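*Asks:* Here's my sequence, what's the structure:
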Amino acid sequence: MPDEKKKPIISKEARAVLVSGKVSAKKQEQKTQSIIEQRPMQFIPQRIETKKEMKKTQKINPIVVKGFIKKKEKGKIDEKVRKSLRYSTSEGMLNAAASSIHESYITPLALALKATNFEIGMLFTMRQLLNSIAQMPGAKLTQYFDRKRIWFVSQLLSKVIFWIPIIFLPLFPSNNAIILLIALFAVAGFFSALRSPAWSSLMGDLVPMKIRGSFFGKRNALTGFAGIVATLAAGFLLSYYGFPIIFIIAIVLAAASIPMFMKMYEPPLKKIYHYKHSISFNPKELANALKTNRSLVIFTVYIMFMYFAVEIASPFYAVYMLRDLNIGYVWFAAMTVIGAFARIISYKYWGRLNDKYGSRKILVICGIFACFTPLGWTLVSDVSSIALLKIFDGLVWSGFDTVIFNYLLDITPAGKRPQYVANHNVVTGIGVILGTAAGGLLAEMWASSSFTWLHGLQILFMTSFILRLLCLSFLPKISEVTIKQSDVPVSYVFWQAVAVEPARGLLNTISYTFRYPYEIEKKFRKEIDAIKYKIRLRQN
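*Replies:* Presented below is the predicted three-dimensional model:
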């Protein structure tokens with residue numbers, strides 16, 4: 001039994017090749033390589049943890065440990081990864097600042113160009129339609145081009161070149177200005193989405209599994225802070241200088257993010273699986289897909305319906321604030337900043353909970369709370385109530401966005417991740433397209449309608465609330481992928497997330513703010529003495 005434990009774990013075919021002394025070294029390597037290509041999942045050895053086992057495996061045959069990295073090379077690669085993650089955060093901050101200006105002020109620009117509710121709905125519908133269409137060619141491009149090169153072309157076209165004509169629309173308004181805005185915004189969305197599979201694949205390979213939640217939580221917090229500053233500054237500049245100046249600033253910020261991203265290290269794409277993307281309505285193939293990727297299918301269907309319910313109302317929150325409540329551009333910028341700030345302070349919080357309890361439980365909690373945002377919009381009437389709703393919305397959707405990305409990385413294998421991400425984005429994009437189109441039609445139909453105490457867009461918000469509640473039926477069917485705290489019930493995580501952890505943070509803040517330093521030192525000394533006492537007991 002001891003001898004068997006020391007043997008490396010390899011397939012029967014590979015063992016036969018290693019034992020055979022008649023085959024030359026060159027033929028042996030060729031034959032082993034063919035076995036790897038034919039049966040990749042069976043040949044991949046488990047990672048050897050101890051140095052003794054590593055040395056013994058190397059003595060048996062260098063081919064077995066060919067996939068392992070030497071210590072010096074591993075140190076260099078780890079340093080490259082650390083630098084790349086820093087570059088990714090810097091690039092994300094610049095990109096988020098540009099995107100915040102684009103996304104926050106595209107609706108005010110459309111209103112300034114005299115767009116109707118239906119045209120505003122079409123503005124987001126056409127963008128999402130081309131966004132979804134771009135997913136498949138975006139995944140296909142990863143098979144022929146470097147992922148960094150795909151990102152570079154996408155960034156240059158979507159955030160720089162196609163936004164230059166938008167700058168001149170307010171300066172030279174015409175009868176076709178809103179049509180041009182819809183077309184340019186949609187094409188920019190196409191090239192922006194073209195890089196999504198490549199970026200997801202690259203970040204999935206770069207960020208280690210054990211720190212994904214905390215890293216993306218920290219990254220999202222920093223990028224959100226950059227978006228806050230850009231949105232607030234753009235709101236003040238808009239009041240004095242108009243739309244062209246803020247979009248010029250956005251173009252400059254987007255261009256500045258390109259050198260940061262290009263400095264990142266790109267690890268080789270893991271091509272373990274041979275996959276060809278196809279869409280089929282054959283019942284047998286559909287049944288096989290459901291069985292093979294059940295977790296991904298249920299998760300994707302839930303997100304599709306949830307996005308449909310969300311996008312019916314979300315494009316019209318800005319319309320409701322500016323047109324119905326008439327709060328002005330400065331207050332509009334302030335409300336946007338408040339919501340973004342709420343997201344920033346909670347990204348790290350949700351990331352830590354995600355690492356501790358797993359993606360599925362946090363998804364359930366955030367999915368329940370996300371239903372109540374449109375209900376709140378039926379009740380707001382002034383700036384203070386909007387601010388409270390924005391804080392609630394920011395806290396909830398920071399967790400929802402973080403956990404969606406992490407769960408998608410958990411259930412997709414690295415070798416097929418670009419294709420899986422593309423498939424997921426295509427299907428969920430259908431929900432967004434149908435939601436924005438339906439929202440535009442319903443907003444135009446109900447513009448002057450009344451139902452009980454609801455008027456106009458408030459009816460649309462209530463519809464979104466009801467549809468989100470119906471989507472909750474999918475949550476019990478979504479399975480946990482990782483084994484983190486698998487025995488912990490969702491109810492326990494719920495109270496930890498909404499009560500225990502916030503109260504503990506508040507208590508610590510109050511305690512350390514109003515206590516004298518010697519009391520803190522005294523407490524730490526007691527804890528250290530208790531630990532030393534436990535160590536002595538174990539030693540004896």
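*Asks:* Grab the nearest non-local neighbour of Y420.
*Replies:* Using Cβ to Cβ, 6 or more residues apart in numbering and skipping the chain neighbours, the partner closest in space to Y420 is T412 (4.1 Å). For glycine as for every other residue, the C-beta is placed from the backbone atoms N, C-alpha and C.
*Asks:* Next: F124.
*Replies:* Taking Cβ to Cβ, 6+ apart, and ignoring the residues beside it in sequence, F124 has T436 as its nearest neighbour in space, at 4.2 Å.
*Asks:* mind checking which helix or strand the one you found is in?
*Replies:* Element membership of T436, judged by DSSP states H and E, is helix 417-445.
*Asks:* Please apply the same query to M126.
*Replies:* M126 is part of helix 117-133 when elements are defined by DSSP H and E.
*Asks:* Please save the CA atoms from that helix in CSV.
*Replies:* In CSV, the C-alpha atoms belonging to helix 117-133 read as follows (Å, rounded to 0.1, in the frame of the first residue of the first chain):
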residue,chain,number,x,y,z
ASN,A,117,-40.6,57.2,-24.9
PHE,A,118,-40.7,54.7,-27.8
GLU,A,119,-37.5,56.1,-29.3
ILE,A,120,-35.7,55.9,-25.9
GLY,A,121,-36.8,52.3,-25.7
MET,A,122,-35.5,51.7,-29.2
LEU,A,123,-32.2,53.4,-28.3
PHE,A,124,-31.5,50.6,-25.8
THR,A,125,-33.2,47.8,-27.8
MET,A,126,-31.0,48.3,-30.8
ARG,A,127,-27.9,48.6,-28.8
GLN,A,128,-28.6,45.3,-26.9
LEU,A,129,-29.6,43.6,-30.2
LEU,A,130,-26.2,44.3,-31.7
ASN,A,131,-24.6,43.6,-28.4
SER,A,132,-26.0,40.0,-28.5
ILE,A,133,-25.1,39.5,-32.1
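*Asks:* Output the below-cut-off pLDDT ranges for the protein.
*Replies:* Regions of the chain meeting the criterion pLDDT under 70 cover residues 1-77, 269-292, 414-418, 481-521, 540.
*Asks:* ok, A234 - contacts?
*Replies:* S100, I101, S104, Y105, I246, I249, A250, A333 (Cβ atoms under 8 Å, 6 or more residues apart in numbering).
*Asks:* a markdown table for those, including secondary structure and neighbour count?
*Replies:* A markdown table is the format used below for the contacts of A234 (DSSP: H, G, I helix; E, B strand; the rest coil; neighbours: other Cβ atoms under 10 Å):
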| residue | secondary structure | neighbour count |
| --- | --- | --- |
| S100 | helix | 25 |
| I101 | helix | 27 |
| S104 | helix | 23 |
| Y105 | helix | 24 |
| I246 | helix | 23 |
| I249 | helix | 17 |
| A250 | helix | 24 |
| A333 | helix | 22 |
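*Asks:* Which of those residues sits closest to P208?
*Replies:* The shortest separation between P208 and any of the contacts of A234 is 28.7 Å, and it belongs to S100 (by Cβ to Cβ).
*Asks:* wait, that closest one sits on A230?
*Replies:* Yes. At 4.9 Å, S100 and A230 qualify as touching, with contact defined as Cβ atoms under 8 Å.
*Asks:* Spatially central, which residue of the protein would that be?
*Replies:* For the chain, F405 is the residue whose C-alpha lies nearest the centre (Cα atoms, centre = their mean; 3.8 Å).
*Asks:* Apart from its chain neighbours, what residue comes closest to that one?
*Replies:* Nearest-residue entry for F405: F216, 6.5 Å, with adjacent residues in sequence omitted and distances by Cβ to Cβ, 6+ apart.
*Asks:* Go ahead and confirm the one you found touches I404.
*Replies:* No. At 10.8 Å, F216 does not count as touching I404 under the criterion of Cβ under 8 Å.
*Asks:* For burial, what's the neighbour tally of the closest residue to I327 other than its chain neighbours?
*Replies:* When the adjacent residues along the chain are set aside, I327 lies closest to M321, with 5.2 Å between them (Cβ to Cβ, 6+ apart). A count of neighbours around M321, defined by other Cβ atoms under 10 Å, yields 22.
*Asks:* Surely M321 touches M335?
*Replies:* Yes. Taking Cβ under 8 Å as the definition, M321 is a contact partner of M335 at 6.7 Å.
*Asks:* Now for the two: what residues contact both?
*Replies:* When contacts are counted by Cβ under 8 Å, 6+ apart, the set common to M321 and M335 consists of I327, I386.
*Asks:* and stretch 444-463, how far out from the chain's middle?
*Replies:* Using Cα atoms, centre = their mean, to the nearest Å, we find the averaged C-alpha position of stretch 444-463 to lie 32 Å away from the chain's own average C-alpha position.
*Asks:* who are the neighbours in contact with the residue nearest to F124?
*Replies:* Contacts for T436 were tallied using Cβ under 8 Å, 6+ apart; they are G121, M122, F124, T125, Q128, E311, I312, P315.
*Asks:* Repeat that for P165.
*Replies:* For P165, the residues meeting the contact criterion (Cβ under 8 Å, 6+ apart) are L180, L184.
*Asks:* if we can go back for a sec, go through the contacts of A234 and name the one nearest S398.
*Replies:* For the contacts of A234, the minimum distance to S398 (Cβ to Cβ) is 14.5 Å, reached by S100.
*Asks:* who's in contact with that closest one?
*Replies:* For S100, the residues meeting the contact criterion (Cβ under 8 Å, 6+ apart) are A226, G227, I228, A230, T231, A234, A340.
*Asks:* of all the residues you listed, which comes closest to V81?
*Replies:* When the contacts of S100 are compared for distance to V81 (Cβ to Cβ), A226 wins out at 22.7 Å.
*Asks:* Now for D382, how many residues are close by?
*Replies:* The burial count assigned to D382 is 10, neighbours taken as other Cβ under 10 Å.
*Asks:* Identify the residue spatially nearest to it, adjacent ones excluded.
*Replies:* Distances taken as Cβ to Cβ, 6+ apart place L325 nearest to D382, at 7.6 Å, with adjacent residues excluded.
*Asks:* separation between S100 and L469?
*Replies:* 30 Å (Cβ to Cβ, to the nearest Å).
*Asks:* Could I get the full set of strands for the chain?
*Replies:* Under the criterion DSSP state E, strands of the chain are mapped to 450-451, 454-455.
*Asks:* Residues contacting stretch 315-322, please?
*Replies:* Taking Cβ under 8 Å, 6+ apart as the criterion, the residues outside stretch 315-322 that touch it are 107-108, 111, 117, 120-121, 123-124, 327-329, 331-332, 335, 377, 386, 436, 439-440, 443, 457, 460-461.
*Asks:* So what's the residue count around the residue nearest to F405?
*Replies:* A count of nearby residues for F216, using other Cβ under 10 Å, gives 25.
*Asks:* Repeat that for F225.
*Replies:* Residues lying near F225 (other Cβ under 10 Å) number 19.
*Asks:* And L442, by the same measure?
*Replies:* 22.
*Asks:* Wait, it touches Q458, no?
*Replies:* No. Taking contacts as Cβ under 8 Å, L442 lies outside contact range of Q458: 12.0 Å.
*Asks:* ok, the nearest residue to K390 once chain neighbours are set aside - contacts?
*Replies:* Once its chain neighbours are removed from consideration, K390 has its nearest residue in G339; the separation is 3.7 Å (Cβ to Cβ, 6+ apart). Contacts of G339 were listed using Cβ under 8 Å, 6+ apart, and they are K390, I391, D393, G394.
*Asks:* with these in mind, which one is nearest to K526?
*Replies:* Relative to K526, the closest of the contacts of G339 is I391; by Cβ to Cβ it sits at 38.2 Å.
*Asks:* In contact with the closest one: list those residues for me.
*Replies:* Taking Cβ under 8 Å, 6+ apart as the definition of contact, the neighbours of I391 are I338, G339, A342.
*Asks:* Distance check, it against V337.
*Replies:* The spacing between I391 and V337, counted by Cβ to Cβ, is 11 Å.
*Asks:* returning to that earlier point: farthest pair within the contacts of T436?
*Replies:* Once Cβ to Cβ is applied, the contacts of T436 give M122 and I312 as the farthest pair, at 14.1 Å.
*Asks:* Looking at the two, which is more packed in?
*Replies:* For M122 against I312, the residue with the higher neighbour count under other Cβ under 10 Å is I312, and the figures read 28 against 22.
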